[in-house]
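Asks: turn this into a structure:
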Amino acid sequence: MMTKLIREITYPILKSRPDFLIIGAQKAATTSLYNYLVQHPQIYPRKSFKEVRYFDRTEHYSKGYSWYLGNFPFKFETGNRLNCDASPNYLYYEDVPRLIQQDLGEVKMIAILREPVSRAYSAWQMFHSFANIDNDHLRRFYDPRNFDEAIAEEFDPNFDYRKYPFRYDYVGRGRYIDQLENYYKYFKKENLLILTTDQLNKDLGATLNYICEFLNIDYFPKDILLKLEEKIYNKGKYKEDKKSTDSETLEMLKEYFIPFNQKLYDLLGCRYNW
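Replies: Residues are numbered from 1 along each chain as shown. As a prediction, this is how the structure comes out:
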């Protein structure tokens, strides 16, 4: 109790808080983006795992703001460098933007989006691969269904996600319009930088420097950019083999997302090749 009290008093004074967040989306290169950004000399390379997951997990949020700050370095360690919390589930959960605004105020956020059908398939592929993974925690989230079964269940009006250990929501996580509109209830558009995995893959250097402009820091040094362009972080471990997946399921999903994608384009004032 005394330790917690001391932490609650001292951490807001001594600890650095995050200067920007990477909020998602799941399976949209957030790990790669984080690993690229922490190579910048003006961004602090936090040694612990990138995902704090404070705002989307009740068991973490209930520990209080001082617990959250405990995941970040002391101010004397950070110096003038920026801190980042990269937790890709932040984009998805409805109550998260309100909590972020409540605790961090007008913080800057980056959302990187991926074409929703390929994102859904990639997410299923990951969870389906957890059957024999050498990690007890991750094995708990194994999804035994094939992709077609998973999608069919999600379109079933009587489906209850609580029958599974995790809210996979392969379809819902790709309705970015709903998620961003939820954020814009609490934040100005200037607070959010919206990117796509296509941008990151097509021109890494230009995309990273675009982020630098958003964060008000110097462009990446050219020597670092050259090294990053030669290195691919977190390349997918899951073979992209859709032969066992019903092509009708993929086509149905593409059709399903058309109106949601169009609303997203209208909101952002741009169009993606989705």
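Asks: quick one, helices of the stretch 101-250 of the chain?
Replies: For the stretch 101-250 of the chain, applying DSSP state H, counting those that start in this stretch gives helices covering 116-128, 136-139, 147-154, 176-183, 197-202, 204-215, 222-230, 247-268.
Asks: what's the closest of those helices to residue 20?
Replies: Closest approach to residue 20 among the helices of the stretch 101-250 of the chain (CB to CB): helix 204-215, 6.0 Å. Using the backbone N, CA and C atoms, a C-beta is placed for each residue, glycine as well.
Asks: which residues of the stretch 1-150 of the chain fall in strands?
Replies: 20-24, 84-86, 108-113 (DSSP state E, counting those that start in this stretch).
Asks: so where is the protein shaky, pLDDT-wise?
Replies: In the predicted model, the chain carries pLDDT under 70 at residues 1-2, 48-50, 232-246.
Asks: could you rerun that using 50?
Replies: Counting by pLDDT under 50, not a single residue of the chain qualifies.
Asks: can you redo the strands of the stretch 1-150 of the chain as CSV with mean neighbour count?
Replies: Output for these, formatted as CSV (neighbours: other CB atoms under 10 Å):
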stretch, mean neighbour count
strand 20-24, 26
strand 84-86, 25
strand 108-113, 23
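Asks: in JSON lines, list the ones you listed along with distance to residue 34.
Replies: Formatted as JSON lines, the strands of the stretch 1-150 of the chain follow (distance: least, CB to CB, whole Å):
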{"stretch": "strand 20-24", "distance to residue 34": "6"}
{"stretch": "strand 84-86", "distance to residue 34": "4"}
{"stretch": "strand 108-113", "distance to residue 34": "10"}
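Asks: related to what we said a few turns ago, which one of the helices of the stretch 101-250 of the chain lies nearest to residue 19?
Replies: Nearest to residue 19 among these is helix 204-215 (7.6 Å), distances taken as CB to CB.
Asks: need the contact partners of the closest one.
Replies: The set of residues external to helix 204-215 that reach it, using CB atoms under 8 Å, 6 or more residues apart in numbering, is 19-20, 36-37, 40, 82, 108, 110, 193, 195, 199-200, 218-220, 225, 228-229.
Asks: quick check: closest non-adjacent residue to residue 109.
Replies: residue 21 (4.6 Å; CB to CB, 6 or more residues apart in numbering).
Asks: verify the stated contact: the one you found with residue 106.
Replies: No: if you go by CB atoms under 8 Å, residue 21 and residue 106 don't touch, sitting 11.9 Å apart.
Asks: of all the helices of the stretch 101-250 of the chain, which lies closest to residue 61?
Replies: With CB to CB, the closest approach to residue 61 among the helices of the stretch 101-250 of the chain belongs to helix 176-183: 17.4 Å.
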